[in-house]
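Asker: 3D model of this:
(one chain, ligands or ions: 1)
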Amino acid sequence: MAGLEVRDVVVRYGGTTAVDGVSLAVAPGEVVALLGPSGCGKSSLLRAVAGLEPLARGTVAYEGADLAGVPVHRRRFGLMFQDGQLFPHRDVGRNVAYGLETQPLSRAERDARVTELLTLVGLAGYERRAVPTLSGGEQQRVALARALAPRPRLLLLDEPLSALDRQLRERLANEVRAALVETGTTAVFVTHDHAEAAVVADRVAVMDRGRLLQVAAPDELRSAPASDRVAEFLGLRG
Ligand code: ADP
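Answerer: Numbering: from 1, shown residues only. Modelled structure (predicted):
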């Protein structure tokens, strides 16, 4: 297997150990959710994979190559956050095209790719719309289209739906799953919501206090939680 391989990773902030010896493999085309309560180290692990936080210990490798010393923009990973961080002064099409600007595409090819991605996220025809006129859900769809446009070899999503209301979150979780599967994108999806994790991911990695408690398919996690603590996170106890 040569997707993402995280081995024994430690992330520290001064005296705080945010990630405490995590090992996790994500196969090509697989979607893994990092699930756990606020402050358990999910974002720190994701940021370490992205190259945004230094490793105090351990390695991050992709396709068998150690990424130590490879800067964020050379990893060919995509990033998506809770606040989509769209450019408010660019229209929707130019936001999606942003990630394609460094690629050797003709204008026609770029426009075609933007149209393809907007169709994928259910926003066909939105090219000329101004960002401030979009709803929160639409903005996150545009952010997803922008993140997928350059065909990242790994997409890292940090609580991308957490700012949305519950009903919309459930619908969008299904849509995100569909977009990732359709594009065959390998992804790590951070969430504190177990229902969302189960919808989006092939496997769920349950995290607590900087460590992984269990990594399993959603069904397996529910039928055979490895500990009371895992069961508690899944709402099966207490
Ligand atoms: P999660 O994503 O699960 O909410 P984080 O990775 O954001 O967790 O945080 C893990 C721990 O690291 C927390 O105790 C948090 O306070 C701490 N932490 C996160 N970022 C920083 C930082 N930049 N400086 C100091 N401590 C941090």
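Asker: From here on, just use CA atoms for contacts and neighbour counts.
Answerer: OK.
Asker: near the ligand, which residues of the chain?
Answerer: Where the chain comes near the ligand, counting by CA under 6 Å from any ligand atom, the residues are Tyr13, Ala18, Pro37, Ser38, Gly39, Cys40, Gly41, Lys42, Ser43, Ser44.
Asker: Surely the third one is in a strand?
Answerer: Looking back up the chat, that one is Pro37. No. Read with DSSP: H, G, I helix; E, B strand; the rest coil, Pro37 is coil and lies in no strand.
Asker: ok, it - how many residues close by?
Answerer: 15 (other CA atoms under 10 Å).
Asker: likewise the first one?
Answerer: When neighbours are defined as other CA under 10 Å, Tyr13 has 12 of them.
Asker: Equivalent analysis for the fourth one, please.
Answerer: Using other CA under 10 Å, Ser38 has 12 other residues around it.
Asker: quick one: it and His192 touch, right?
Answerer: Yes. Contact criterion CA atoms under 8 Å: Ser38 and His192 qualify, at 6.8 Å.
Asker: This protein: helices as residue ranges?
Answerer: Remark: helices assigned in the chain by DSSP state H are 42-50, 92-97, 107-120, 136-148, 166-183, 194-200, 218-223, 228-233.
Asker: hmm, who's touching stretch 215-229?
Answerer: 197-198, 201-206, 213-214, 231, 234, 236-237 (CA atoms under 8 Å, 6 or more residues apart in numbering).
Asker: Look at that stretch and report the distance between its end residues.
Answerer: 13 Å (CA to CA, to the nearest Å).
Asker: That one: which residues count as buried?
Answerer: Val215, Ala216, Ala217, Pro218, Leu221, Arg222, Pro225 (16 or more other CA atoms under 10 Å).
Asker: ok, so of those, who is nearest the ligand?
Answerer: Minimum distance to the ligand across the buried residues of stretch 215-229 is 16.0 Å, recorded for Val215 (CA to the nearest ligand atom).
Asker: beta partners for that closest one?
Answerer: Beta-bridge pairing for Val215 (DSSP bridges): Ala205.
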